[in-house]
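**Student:** Could you work out the structure for the sequence below:
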Amino acid sequence: MQHRRVSAAHPIARVLPEPYETVLGGPDPEATHHLLASVYADFLCPPSGHSISWQDCYAAAQQRPLPHKAGFLLDECGNPMPVPAHMEGEAAGLARSAQATAVRIRRESRGMPLGNQG
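**Tutor:** Numbers count the residues shown, from 1 in each chain. Sure thing, here's the model as predicted:
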């Protein structure tokens, strides 16, 4: 019995095609990628330690496009998730700033034809 050949899924690119990357990422899209990935890693990895290293959490998030990174910091309704208790002071402020950016990215990406990247 012969089996039909099934195409592999298209890979999800980290960087969106222009103009979407610039529209969502702002004047420095690379800095936006870093901000969202580092805050996501901070959410998951308290200073007391975690079963997955901070670097691994960061690297996993860094591979994703901006709309996916934004989703890591938001709940299913698109609202910012509570900032973890282990993030205080400047770290909590940075997290809230990243979440505001994530809300904007989620809102703006809804109308873009991004396919599985959005």
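
**Student:** C-alpha from now on. contacts and neighbour counts both.
**Tutor:** OK.

**Student:** Quick check: chain neighbours aside, which residue is closest to Ala70?
**Tutor:** Ala102 (4.3 Å; C-alpha to C-alpha, 6 or more residues apart in numbering).

**Student:** And the residue nearest the centre of the protein?
**Tutor:** Lys69 (0.7 Å; C-alpha atoms, centre = their mean).

**Student:** looking at it, the residue nearest to Ala70 is touching Leu73, isn't it?
**Tutor:** Yes: at 6.9 Å, Ala102 counts as touching Leu73 under the criterion of C-alpha atoms under 8 Å.

**Student:** returning to what we had before: who's in contact with the residue nearest to Ala70?
**Tutor:** Taking C-alpha atoms under 8 Å, 6 or more residues apart in numbering, we find Ala102 in contact with 36, 67, 69-71, 73-74.

**Student:** next one: His34
**Tutor:** Gln62.

**Student:** which SS class is it?
**Tutor:** helix (DSSP: H, G, I helix; E, B strand; the rest coil).
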